[in-house]
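# below are the sequence and a predicted model; questions follow.
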Amino acid sequence: DQQVKQNSPSLSVQEGRISILNCDYTNSMFDYFLWYKKYPAEGPTFLISISSIKDKNEDGRFTVFLNKSAKHLSLHIVPSQPGDSAVYFCAARSGGSYIPTFGRGTSLIVHP
Amino acid sequence: DAGVIQSPRHEVTEMGQEVTLRCKPISGHNSLFWYRQTMMRGLELLIYFNNNVPIDDSGMPEDRFSAKMPNASFSTLKIQPSEPRDSAVYFCASSPDSTGNTIYFGEGSWLTVV
């Protein structure tokens, strides 16, 4: 049973436009959420995170939004660049078990 | 600084053979994780060590899988005997603390069992 769900396996966006990657979770105990980015033949790297006490966290072109009532978070990339093309993993953890649980990932392709 | 180092990067083996994957965590990190990535299940946690002690191995799929961490700078994940359904990318990762907020992944070991 997937506790962290990324229902879109892939997303295609034109350069300069906004990319929105979605993630849903089922465990109400999750209190910290992370996004990892993975290029082919490389390991995932940490991108951005958000605590459950916030509803938005911004870092440059990347913004993560959290809607706790809907158990939903999203990663916005604006403007999207071809170098953003990668697989994005959503992850979540709870204070009781700080090991993050990952989703299946969404493959983002940004076309020039 | 060197990141998490995994070997081999690629392994092709025949069904029934033993496979050993190796990992050197980042120096000073006290938490080590083994993950498996597949298309169907994404990134799954197999086992987690803290200070060389296995803390959670509930993700290990079956008895054919075993992991060890004999010291702070080395860990192995062994599959014996291997099966075609074990084909996946196996990632080792380490973390400097116990918060889980920052996990650094290696480049992965691509395993194909034929």
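Right, received. Where do you want to start?
# so where's chain A uncertain?
Along chain A, the model assigns pLDDT under 70 to residues A:1, A:96-97.
# how about the helices in it?
Taking DSSP state H, chain A contains no helices at all.
# interface residues of it facing chain B?
Proximity of chain A to chain B, by Cβ under 8 Å from any Cβ of the partner chain, involves residues A:6, A:32, A:34, A:36, A:41-46, A:49, A:89, A:93, A:98-105. For the C-beta atoms, the positions are set from N, CA and C on the backbone; glycine is no exception.
# buried subset of those residues, written for PyMOL?
PyMOL command restricting the residues of chain A next to chain B to the buried ones, with burial defined by 16 or more other Cβ atoms under 10 Å in any protein chain shown:
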select buried, chain A and resi 6+32+34+36+43+44+49+89+93+98+99+100+101+102+103+104+105
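# which residues in chain B form strands?
Assigned by DSSP state E, the strands in chain B fall at B:5-7, B:10-13, B:19-24, B:31-38, B:42-50, B:53-56, B:65-71, B:74-79, B:88-95, B:104-105, B:109-113.
# equivalent analysis for chain A, please.
A:4-5, A:10-14, A:19-25, A:30-38, A:45-51, A:56-59, A:62-67, A:72-77, A:86-94, A:97-102, A:106-111.
# what's the closest of those strands to B:W110?
Nearest to B:W110 among the strands of chain A is strand A:30-38 (13.5 Å), distances taken as Cβ to Cβ.
# what's in contact with the closest one?
Residues from elsewhere that reach strand A:30-38, judged by Cβ atoms under 8 Å, 6 or more residues apart in numbering or on different chains: A:3, A:21, A:23, A:25, A:44-52, A:62, A:64, A:66, A:73, A:75, A:86-95, A:100-102, A:105, B:100-101, B:105.
# for stretch A:5-24, same thing?
A:4, A:25-26, A:33, A:35, A:70-82, A:84, A:88-90, A:103-112, B:42.
# now it, how far from the chain's geometric center?
Counting by Cα atoms, centre = their mean, to the nearest Å, stretch A:5-24 is centred 9 Å from the centre of its parent chain.
# which residues of chain B lie near chain A?
Residues of chain B lying near chain A by Cβ under 8 Å from any Cβ: B:4, B:33, B:35, B:39-45, B:48, B:56, B:91, B:93, B:98-108.
# and the spatially closest residue to B:Q80 that is not a sequence neighbour, how many neighbours?
Nearest-residue entry for B:Q80: B:E18, 4.2 Å, with adjacent residues in sequence omitted and distances by Cβ to Cβ, 6 or more residues apart in numbering or on different chains. Per other Cβ atoms under 10 Å in any protein chain shown, the neighbour tally for B:E18 reads 11.
# now do A:D55
Using other Cβ under 10 Å, A:D55 has 12 neighbouring residues.
# that one against A:T63, yeah?
No. Here A:D55 lies out of contact with A:T63, judged by Cβ atoms under 8 Å, at a distance of 11.0 Å.
# what stretches of chain B score poorly on pLDDT?
Under the criterion pLDDT under 70, the flagged ranges of chain B are B:1, B:98-101.
# residue nearest the centroid of it?
B:W34 (3.1 Å; Cα atoms, centre = their mean).
# ok, what's across the strand from it?
For B:W34, the beta-bridge partners under DSSP bridges are B:I47, B:C92.
# OK, contacts around it?
Taking Cβ under 8 Å, 6+ apart, we find B:W34 in contact with B:C23, B:L45, B:L46, B:I47, B:Y48, B:A67, B:S75, B:L77, B:Y90, B:F91, B:C92, B:A93.
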